[in-house]
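K.L.:
sequence and predicted structure, then a few things I'm wondering about:
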Amino acid sequence: MFKKISFAIVVIVFAASNAAAQKLHIDVQGIAQPTPVAIVPFGWEGSSPAKQLDVASVIKADLRRSGRFAPTDENDMLQKPTDGADVDFDDWTVLGVEAVVVGKIIQTGDDAYTLQFQLFDTFRRRQLIGFRMPATRGTMRSSAHRAADMIYEKLTGIKGVFGTKVAYVTAEQQSDGRLYSLIVSDQDGENDHKIMESKDPIMSPAWSPDSRQLAYVSFEGSKSSIFIQTLRSGNRFQVSNKPGINGAPSFSPDGRKLVITLGGVDGNPDIHILDITSRQTKRLTTHRAIDTEGTWSPDGRYIYFTSDRAGGPQVYRISANGGTPERITFEGSYNARPRLSPDGTRLAMVHNDRGNYRIAVMNLERKDLLVLSTGRQDESPSFAPNSDSLIYATRQGGDGVLETVSADGLIRQKMASGQGDVREPVWSPFPRFQ
Amino acid sequence: MSYYKLFAVAILGALLAGCGATPVPDPDPVDTTYGGDDSANTSRAAGEEFGGGEFFDDVEETLGTVIYFEFDSSEVRAQDQDLVAAHAISLNENSYARVRLEGHADERGSREYNIGLGERRAQAVRQILMIQGVSASQIQTVSFGEERPESMGSSESDYAQNRRVEIKYTN
């Protein structure tokens, strides 16, 4: 079947290499009182004067982008130590700086370095972190993000997400039609790789729990099917190509299953569980309404999904073993595309707010709904792995752009794309360091 | 469209030759063996060589192929019923013809839910075709949701153009 239609398909799968795609430029909308901190330019101890990544700038940009910190301008610094022993706390407290980071990169081999940094509380005059990590030229940027994560967590008590990634879909209008691309980038928009492109729509990317794979829907051959692609190798395999709708994949917490939507020849979309290894599917819902956009609760017990069985779309949940669905949302006429926070306490969704489609978060215990976005056509909310913020797509001048917002709604950042219509962002789980 | 015609030419040729082999559509769009031509204007002339003139009426050229829907509705409107019925007749007359019903939604709301809405519209057209005798095996449905808008804007009239089912003959 797939072979037969393949002659008409234009699909290119990329290994995660350095295919230069659209850069995301980030524009922060600040918070009332960000904490003043200083990231001193890092020192360099090495044989070659090779140009190094500016680690301090990466850390500074991460902390600024969080909206919770106001990094001091380098020109205002009274000293620029690279060792903790040289830090004069008075030089920082006089500027009102509450925390200072110093560090250096030490070359230990041809392409081997040690990234070392220390974080100080300037008013209490004590060290909060001292850490060394190995790095290569290729891993220096992610090491810098990792340092920023450690600093952020120490100062806020919240686990940092600067080392995580984002996947999203772009659509570019070309002379011979639209070109759809699936992109993976660092969460700051840098280091972007195109992992797949097609003349036919690409939809609904979903991360595996180990962040090594993405599941997605592709319409190559004018028919929907679901693929899982390994990022490192670029290899992919088709896991669902049934008649009718094959859509809305989402991995189980153990990574062995996908919840998917299957429509069948009669076009009745229902929630199914697909065992990735055996390809066996189990049908969970049988209602003749649209049941779709399934997602697992972090404990693996429930599937939350969208259904219009009561008229308009609302969020329901059903035991992952099957049973009777239970309605979860009641506020408003339209609540769709549920996503749970990784800590399991909140549910994000697309909510019709007086005619505008916006991102809302419901506290599952208190049941109250907080509208977080301000657009007319916002969609695809996805929680950061620390449950503290979300990414979603909004419209700007006809094109889709990405925004992040803190889960309390106070800090919002826009990530405008260079070209094309950007949509369906999904935030990766935490990286696992080997 | 051209596949459909060439396919029909091939079928007719095979039938006239008394050949019982299962016909397979030729993926090569230029079929000189049967004197076919994928220009709509000359298809009748090409067909007359085999004595099957009216068989080659180009359904897509003479009938509309797009059905539009009201907001949040999958009901085929009264004025479009005749159009769907005409496609049913054409499909009933040629049991080898195949259609793909491509359902679409406007951009409002979430993308996968809109896939469901587009499918519901395609199924509404499929049901009418089947009630009028078209075999299920002749019909395939696909929903592109909001992914392939006909009109790129975000006004009500753009949305109205995007809520649609396109009837596409696939051989």
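P.N.:
Noted; the coordinates are in hand.
K.L.:
just the helices in chain B please.
P.N.:
B:2-16, B:43-48, B:59-62, B:78-93, B:111-131, B:156-162 (DSSP state H).
K.L.:
alpha carbons only: can I get stretch A:400-417 in PDB?
P.N.:
Extracted in PDB, the C-alpha atoms of stretch A:400-417 (Å, rounded to 0.1, in the frame of the first residue of the first chain):
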ATOM      1  CA  GLY A 400       1.900  31.600  13.700                       C
ATOM      2  CA  VAL A 401       4.600  32.400  16.200                       C
ATOM      3  CA  LEU A 402       5.500  30.800  19.500                       C
ATOM      4  CA  GLU A 403       5.100  32.200  23.000                       C
ATOM      5  CA  THR A 404       5.900  30.900  26.400                       C
ATOM      6  CA  VAL A 405       4.100  31.900  29.600                       C
ATOM      7  CA  SER A 406       4.700  31.100  33.200                       C
ATOM      8  CA  ALA A 407       1.900  28.900  34.700                       C
ATOM      9  CA  ASP A 408       0.800  31.800  36.900                       C
ATOM     10  CA  GLY A 409       0.400  34.000  33.800                       C
ATOM     11  CA  LEU A 410       2.900  36.700  35.000                       C
ATOM     12  CA  ILE A 411       5.800  36.200  32.600                       C
ATOM     13  CA  ARG A 412       5.200  36.000  28.900                       C
ATOM     14  CA  GLN A 413       7.800  35.700  26.100                       C
ATOM     15  CA  LYS A 414       7.400  35.800  22.400                       C
ATOM     16  CA  MET A 415       9.500  33.800  20.000                       C
ATOM     17  CA  ALA A 416       9.000  35.300  16.600                       C
ATOM     18  CA  SER A 417      10.200  33.100  13.700                       C
END
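K.L.:
how about it: buried residues?
P.N.:
A:400-407, A:409, A:411-417 (16 or more other C-beta atoms under 10 Å in any protein chain shown). Bear in mind the C-beta positions are built from the backbone N, C-alpha and C, glycine included.
K.L.:
what's the answer for stretch A:312-322, then?
P.N.:
In stretch A:312-322, counting by 16+ other C-beta under 10 Å, buried: A:313, A:314, A:315, A:316, A:317, A:318, A:320.
K.L.:
then stretch A:333-341?
P.N.:
A:334, A:335, A:336, A:337, A:338, A:339, A:340, A:341.
K.L.:
worst average pLDDT in the helices of chain B?
P.N.:
Lowest mean pLDDT of those: helix B:43-48, a mean of 34.
K.L.:
got the buried residues for the lengthiest helix in chain A?
P.N.:
In chain A, with assignment by DSSP H, the single longest helix is helix A:140-156. Within helix A:140-156, the residues scored as buried using 16+ other C-beta under 10 Å are A:140-152, A:155.
K.L.:
output it as CSV - backbone C-alpha positions only.
P.N.:
Provided in CSV are the C-alpha atoms of helix A:140-156 (Å, rounded to 0.1, in the frame of the first residue of the first chain):
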residue,chain,number,x,y,z
MET,A,140,29.9,23.6,25.3
ARG,A,141,26.5,25.3,24.6
SER,A,142,24.5,22.6,26.3
SER,A,143,27.0,22.7,29.2
ALA,A,144,26.3,26.4,29.6
HIS,A,145,22.6,25.7,29.6
ARG,A,146,23.1,23.1,32.2
ALA,A,147,25.1,25.6,34.4
ALA,A,148,22.2,28.0,34.0
ASP,A,149,19.8,25.3,35.1
MET,A,150,21.8,24.7,38.3
ILE,A,151,22.0,28.4,39.0
TYR,A,152,18.3,28.9,38.4
GLU,A,153,17.3,26.0,40.6
LYS,A,154,19.5,27.1,43.4
LEU,A,155,18.1,30.7,43.3
THR,A,156,14.4,30.0,42.7
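K.L.:
on contacts alone, who are the packing partners of it?
P.N.:
helix A:55-65, strand A:99-109, strand A:112-121, strand A:126-135, strand A:177-186 (3 or more C-beta pairs under 8 Å, 6 or more residues apart in numbering or on different chains; DSSP states H and E).
K.L.:
could you chop the chain up by domain?
P.N.:
No chain specified, so I'll use chain A. Domain ranges of chain A: A:2-24+A:164-427, A:31-156, per automatic domain parsing.
K.L.:
that's the wrong chain, I wanted chain B
P.N.:
If you go by automatic domain parsing, chain B breaks into B:2-57, B:61-169.
K.L.:
do the longest one and chain A meet?
P.N.:
Yes: contact of domain B:61-169 with chain A is found when judged by C-beta under 8 Å from any C-beta of the partner chain, involving B:100, B:102, B:107-113, B:115-117, B:119-120, B:122-123, B:126, B:136, B:140-145, B:147-148, B:152-154.
K.L.:
can you tell me which of those are buried?
P.N.:
B:100, B:102, B:107-113, B:115-117, B:119-120, B:122-123, B:126, B:140-145, B:147-148.
K.L.:
just send the domains of chain A back as a markdown table, with mean pLDDT too.
P.N.:
Output for the domains of chain A, formatted as a markdown table (pLDDT from 0 to 100):
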| stretch | mean pLDDT |
| --- | --- |
| domain A:2-24+A:164-427 | 90 |
| domain A:31-156 | 93 |
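K.L.:
packed most tightly, which of those domains would that be?
P.N.:
Each of those was scored by mean neighbour count; the highest is domain A:2-24+A:164-427, a mean of 19, by mean count of other C-beta atoms under 10 Å in any protein chain shown.
K.L.:
quick one: is that domain near chain B?
P.N.:
Yes: counting by C-beta under 8 Å from any C-beta, chain B is contacted by domain A:2-24+A:164-427 at A:7, A:178, A:201, A:203-204, A:219, A:222-224, A:243-245, A:247-248, A:261, A:263, A:265-267, A:269, A:290, A:292-293, A:306, A:308, A:313, A:334, A:336-337, A:350, A:352, A:357, A:376-377, A:379-380, A:395, A:398, A:423-424.
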